[in-house]
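Asks: Sharing a model prediction with you, sequence too.
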Amino acid sequence: MPAILNPGQGRQKFQFSTPAAAPGLRAFVEHYWIVRWDLRDQQPYEQRVLPYPAVNVTFKPGRCRIAGVPLGRFHETLDGAGRVFGVRFRPCGFRPFLGAPVSSITDRFLPVEPLFGEDLPGRVLAADDEAAVAVMDEFLTARAPVEPSPAAQLAEAVVARIAGDAGVTRVAGLAREFAVGVRQLQRLFAEYVGVSPKWVIRRNRLHEAAARISAGAPVDLGELAAELGYSDQSHLTRDFTSMVGDPPALYRKAQDNA
């Protein structure tokens with residue numbers, strides 16, 4: 001699932017679980033995810049989300065859709081009681097199911113039915129959690145290739161490199177490390193990831209910043225900015241505020257009050 005902002009508040013409003021996909025799907029599917037809530041007699045709750053570079057397919061009564069990688073944060077409003085069942089694909093994992101460049105659906109929501117058929121949403125929505133996992137395992141296994149293509153594996157290795165080191169801040173350095181040209185890397189990401197390498201680097205830095213600020217220990221923003229490759233603390237603060245919606249100090253305060 002995309003990164004939940006203000007997770008302490010969210011834990012008071014909904015339950016979140018991440019069942020594993022079948023072993024044969026794990027090169028393509030990161031995990032399934034299930035959100036359940038019961039807010040009857042309460043005000044609706046708006047959950048802000050900072051997405052990862054991954055496609056999600058979600059099943060909710062009246063709204064079953066494929067979510068291309070969102071370019072900015074988004075929010076989900078929970079009201080009454082309900083469940084969302086989701087499939088989070090690995091970076092590069094959705095390309096063989098889509099049959100087109102993943103950038104063609106970036107920042108777009110598409111209905112599930114044209115790609116996956118009319119029957120699937122009803123089968124998932126009618127099933128309990130365990131059965132819904134089994135339905136998706138069977139459905140995706142029947143459509144998945146034996147393994148990702150070499151190009152997809154390369155693109156995912158680059159994404160993993162970015163995710164594994166918050167100090168990775170330059171596309172040119174990544175291209176040299178993987179022995180490809182910058183333009184080739186950009187085309188690879190458009191085809192398999194859906195967003196540019198620069199976007200993934202920037203988003204990874206923001207995920208790291210949000211995680212550090214949410215943690216228990218105080219954070220020196222100047223040191224964090226330097227570690228994440230920002231020119232100064234002000235640059236980090238502007239970037240964080242633009243994408244998360246609150247400046248770091250206010251975001252931290254919200255965690256303390258959760």
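Replies: Nice, I can see it. These numbers come from a predicted model, not from an experiment.
Asks: Just the pLDDT at the closest residue to V112 other than its chain neighbours, thanks.
Replies: Closest residue in space to V112, ignoring its immediate chain neighbours: C64 at 4.4 Å, by C-beta to C-beta, 6 or more residues apart in numbering. For the C-beta atoms, the positions are set from N, CA and C on the backbone; glycine is no exception. pLDDT for C64: 98.
Asks: can you list contacts of the strand or helix carrying C64?
Replies: Per DSSP states H and E, C64 falls inside strand 63-67. Strand 63-67 is contacted by residues 55-58, 105, 109-113, 115, 120-121, 124-125 when judged by C-beta atoms under 8 Å, 6 or more residues apart in numbering.
Asks: you'd agree V195 is up against Q186?
Replies: No: V195 lies out of contact with Q186 (C-beta atoms under 8 Å); the separation is 10.2 Å.
Asks: neighbour-wise, which of these two wins?
Replies: V195 (23 against 16; other C-beta atoms under 10 Å).
Asks: Give me the three-state assignment for that one.
Replies: Look at V195: counting by DSSP: H, G, I helix; E, B strand; the rest coil, its state is coil.
Asks: Show me where the stretch 101-250 of the chain has its helices.
Replies: Taking DSSP state H, counting those that start in this stretch to define them, one finds helices in the stretch 101-250 of the chain at 113-116, 119-126, 129-141, 150-164, 171-177, 182-192, 197-214, 221-227, 233-244, 248-256.
Asks: between these, which gets nearest to R90?
Replies: Nearest to R90 among the helices of the stretch 101-250 of the chain is helix 150-164 (6.5 Å), distances taken as C-beta to C-beta.
Asks: Go ahead and measure how far that closest one is from the middle of the chain.
Replies: Distance of helix 150-164 from the chain centroid (C-alpha atoms, centre = their mean, to the nearest Å) equals 15 Å.
Asks: need the strands for the stretch 1-150 of the chain, in chain order.
Replies: Here the stretch 1-150 of the chain has its strands, by DSSP state E, counting those that start in this stretch, at 3-4, 14-17, 29-38, 45-50, 56-60, 63-67, 74-78, 81-89, 109-111.
Asks: Name the stretch among those strands that sits most buried.
Replies: Comparing those by mean neighbour count (mean count of other C-beta atoms under 10 Å), strand 56-60 comes out on top with a mean of 22.
Asks: Parallel or antiparallel, list what pairs with that strand.
Replies: strand 63-67 (antiparallel), strand 81-89 (antiparallel) (DSSP bridges).
Asks: ok, back up a step: what's the most buried one of the helices of the stretch 101-250 of the chain?
Replies: Buried most deeply of the helices of the stretch 101-250 of the chain, by mean count of other C-beta under 10 Å, is helix 197-214, with a mean of 20.
Asks: Farthest out from the centre of the protein, which residue is that? Tell me.
Replies: Going by C-alpha atoms, centre = their mean, the residue of the chain most distant from its centre is D41, 30.7 Å out.
Asks: Need the phi and psi values for it.
Replies: phi 70, psi 20 (degrees, to the nearest 10).
Asks: where's it relative to A81, distance?
Replies: Using C-beta to C-beta, to the nearest Å, we find D41 at a distance of 10 Å from A81.
Asks: Please apply the same query to L140.
Replies: Taking C-beta to C-beta, one finds L140 at 28 Å from A81.
Asks: Also G68?
Replies: 28 Å.
Asks: Kindly report the same for L185.
Replies: With distances taken as C-beta to C-beta, L185 is found 45 Å from A81.
Asks: ditto for P247
Replies: Separation of P247 from A81 (C-beta to C-beta): 34 Å.
Asks: follow-up on the earlier one: can I get the helices of the stretch 101-250 of the chain in CSV with distance to W33 and mean pLDDT?
Replies: Shown next, in CSV, are the helices of the stretch 101-250 of the chain (distance: least, C-beta to C-beta, whole Å; pLDDT from 0 to 100):
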stretch, distance to W33, mean pLDDT
helix 113-116, 18, 96
helix 119-126, 13, 98
helix 129-141, 11, 98
helix 150-164, 18, 95
helix 171-177, 29, 95
helix 182-192, 22, 97
helix 197-214, 17, 87
helix 221-227, 28, 87
helix 233-244, 21, 87
helix 248-256, 22, 76
